[in-house]
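Engineer: got a predicted structure here, sequence first:
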Amino acid sequence: MYLTKEEEKILDGEAGEIYSKAMRILVTLGDIFKADKLINIDSTQIAGVSYKTIGDAGLEFLEDWAKGNVQVAVESWMNPAGMDLDEWNELGFPKDFAKKQLRIIKALLAMGIKQSCTCTPYHNDLIPIKGSHIAWSESSAVIFANSVLGAMTNREGGPSALSAAIIGKTPNYGLHLEENRKGQVLFDINFMLNNFDFTLLGYHIGELSNDKIPVIKGFKKASWTQLKALGAGMAASGGVSMFMIPDITPESRLIHSPEVYEVTREDLTIVQKKLTNDGEPDIITFGCPHCSLEEVNEIIQKIKTEKKVWIFTSKKIKKQFKNLPTNIRIFSDTCMVVAPLEEMGIGCLATDSTKAAHYSQNLSKIKSILMSREELLNEN
Ligand code: F3S
């Protein structure tokens, strides 16, 4: 990969050890994926913030980098952490976990990364410009940025997003190149979709597409909430980082002779069954990906259930809700997947998100019940 004189100096350590390490990570990635050069980026979104997912090794890595006096070069936001950072004690997060989690946040803050702790930056004023290059790492945010906002990002890992943040650049390969942004597999939908179908459809498409770009035909309208659910499902079951829907997404191109699948309602029923275990939920959860302001408002207005309801969103949105019924709690900075729910006595959760159900079963080893938002709001 071609490097400018200035980039070479950073690689050689002239700016300090951590800048050199960050550059080394970008150059190694660029060489593996045959990038021609580094390109400037406008923002980064950094995953690997929860102590539950990165553990002691991740904590030590971040503290080591923070000691090196580095600062991010571009707007950089954190993905959700493992707990509500303001109310962790009142909300019952374990103290030992909290201590380590706070050290992670301190290290990230020392490098200039904003304590946004959300996977939906686009509901919170970080909306990349169409055609701009960014380096985001939360898979549901990556797919939304590429597909719905028309920005250009690969699905970064935590360390590569952090390196991109510090250098302000990323290697020019994958979805940063116009020629790679083409649909490779076609899905035809011949029935009307309701809100809940979007997460099921996304999961089904992700399983069949793996890391290819799907083009979806059969509907002409979809809200941000529906597209968010669609993309998060795809990114959870497969490695999909971009989808295209003619007349809805900014980009929609298909390669000649793509693979073609016809989706039936039965396909979606199979997904729901697969992600639903037997049992009674300890909590009903909403907010995977994090809820928008409109969603939290709607959930609170329509809620009829008297069961425990936990809603996950950003700090900025949480602040707008006070004096809630006692069975409803709003958590910011975290979510039902990256919080240590298993240590907090939760054995089974109900959700309207295929991503939350998938990772509850596979990462947290917590049972999940997957139902529509409407059904969950009326659960008794
Ligand atoms: Fe966000 Fe957590 Fe789901 S980070 S996408 S709410 S698993």
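Structural biologist: Now that the structure is in, tell me what you want to look at.
Engineer: only C-alpha atoms from now on, for both contacts and neighbour counts.
Structural biologist: Will do.
Engineer: measure residue 244 to residue 60 for me?
Structural biologist: The gap separating residue 244 from residue 60 is 40 Å, by CA to CA, to the nearest Å.
Engineer: so those two - more neighbours on which side?
Structural biologist: A count of neighbours by other CA atoms under 10 Å puts residue 244 above the other of residue 244 and residue 60, at 24 against 15.
Engineer: residues touching the residue nearest to the more buried one when sequence neighbours are not counted, list them.
Structural biologist: In space, not counting the residues next to it along the chain, residue 244 is nearest to residue 215; the distance is 4.7 Å by CA to CA, 6 or more residues apart in numbering. Neighbouring residues of residue 215 by CA atoms under 8 Å, 6 or more residues apart in numbering: 183-187, 243-246, 252-254.
Engineer: in strands only, show me the residues you listed.
Structural biologist: Among the contacts of residue 215, the members found in strands (DSSP state E) are 183-187, 254.
Engineer: distance of residue 172 from residue 133?
Structural biologist: Spatial separation of residue 172 from residue 133 under the definition CA to CA is 9 Å.
Engineer: list residues touching both of the two?
Structural biologist: Shared contacts of residue 172 and residue 133, defined by CA under 8 Å, 6+ apart, are found at residue 39.
Engineer: list the neighbouring strands of the helix or strand of the chain with the lowest mean pLDDT plus their orientation.
Structural biologist: When each helix and strand of the chain is scored by mean pLDDT, DSSP states H and E, strand 254-263 comes last, with a mean of 92. The strands beside strand 254-263 in its sheet (DSSP bridges) come out as strand 183-189 (parallel).
Engineer: run the chain-centre distance for the partner strand.
Structural biologist: Between the centre of strand 183-189 and the centre of its host chain there is 23 Å, according to CA atoms, centre = their mean, to the nearest Å.
Engineer: first residue to last residue on stretch 205-223, what's the distance there?
Structural biologist: End-to-end distance for stretch 205-223: 19 Å, by CA to CA.
Engineer: what residues of it count as buried?
Structural biologist: Of the residues in stretch 205-223, those scored as buried under the neighbour-count criterion (16 or more other CA atoms under 10 Å) are 205-217, 219, 222.
Engineer: swap in stretch 311-322?
Structural biologist: Neighbour-count burial for stretch 311-322, with 16+ other CA under 10 Å as criterion, is recorded at 311-315, 317-318.
Engineer: and if you look at stretch 125-136?
Structural biologist: Applying a neighbour-count criterion of 16+ other CA under 10 Å, one finds 128, 132-136 buried in stretch 125-136.
Engineer: of all the residues you listed, which comes closest to residue 263?
Structural biologist: Taking CA to CA as the measure, residue 263 sits nearest to residue 136 out of the buried residues of stretch 125-136, at 30.2 Å.
Engineer: for that closest one, give its distance to residue 126.
Structural biologist: Taking CA to CA as the criterion, residue 136 is separated from residue 126 by 12 Å.
Engineer: now residue 267
Structural biologist: The separation that residue 267 has from residue 126, given CA to CA, amounts to 35 Å.
Engineer: now swap in residue 356 and tell me
Structural biologist: Counting by CA to CA, the gap between residue 356 and residue 126 amounts to 23 Å.
Engineer: now swap in residue 107 and tell me
Structural biologist: Relative to residue 126, and taking CA to CA, residue 107 is found at 22 Å.
Engineer: what does residue 261 give?
Structural biologist: 35 Å.
Engineer: same question, residue 106
Structural biologist: Noted for residue 106: a distance of 22 Å to residue 126, by CA to CA.
Engineer: residue 214 too?
Structural biologist: As judged by CA to CA, residue 214 and residue 126 stand 26 Å apart.
Engineer: host element of residue 104?
Structural biologist: The secondary structure element spanning residue 104 is helix 95-110 (assigned by DSSP states H and E).
Engineer: now swap in residue 30 and tell me
Structural biologist: Assigned by DSSP H and E, residue 30 falls within helix 17-32.
Engineer: what does the stretch 151-300 of the chain put close to the ligand?
Structural biologist: Taking CA under 6 Å from any ligand atom as the contact definition, the stretch 151-300 of the chain meets the ligand at 287-290.
Engineer: redo these as TSV? Include pLDDT, neighbour count and secondary structure.
Structural biologist: Formatted as TSV, the entries for these read as follows, by pLDDT from 0 to 100; neighbours: other CA atoms under 10 Å; DSSP: H, G, I helix; E, B strand; the rest coil:
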residue	pLDDT	neighbour count	secondary structure
287	98	25	coil
288	98	26	coil
289	98	23	coil
290	98	25	coil
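Engineer: and those, which is closest to residue 144?
Structural biologist: In terms of CA to CA, no member of those lies closer to residue 144 than residue 289, at 10.7 Å.
Engineer: quick one: the closest one and residue 142 touch, right?
Structural biologist: No: with contact taken as CA atoms under 8 Å, residue 289 and residue 142 are classed as non-touching, separated by 11.9 Å.
Engineer: out of the buried residues of stretch 311-322, which are close to the ligand?
Structural biologist: Among those, no residue is within reach of the ligand (CA under 6 Å from any ligand atom).
Engineer: out of those residues, which sit inside strands?
Structural biologist: When strands are assigned by DSSP E, the members of these inside them are 311-313.
Engineer: now, which of the residues you listed sits nearest residue 96?
Structural biologist: Top of the list for closeness to residue 96, among those and by CA to CA, is residue 312 at 22.2 Å.
Engineer: brilliant, that's me finished.
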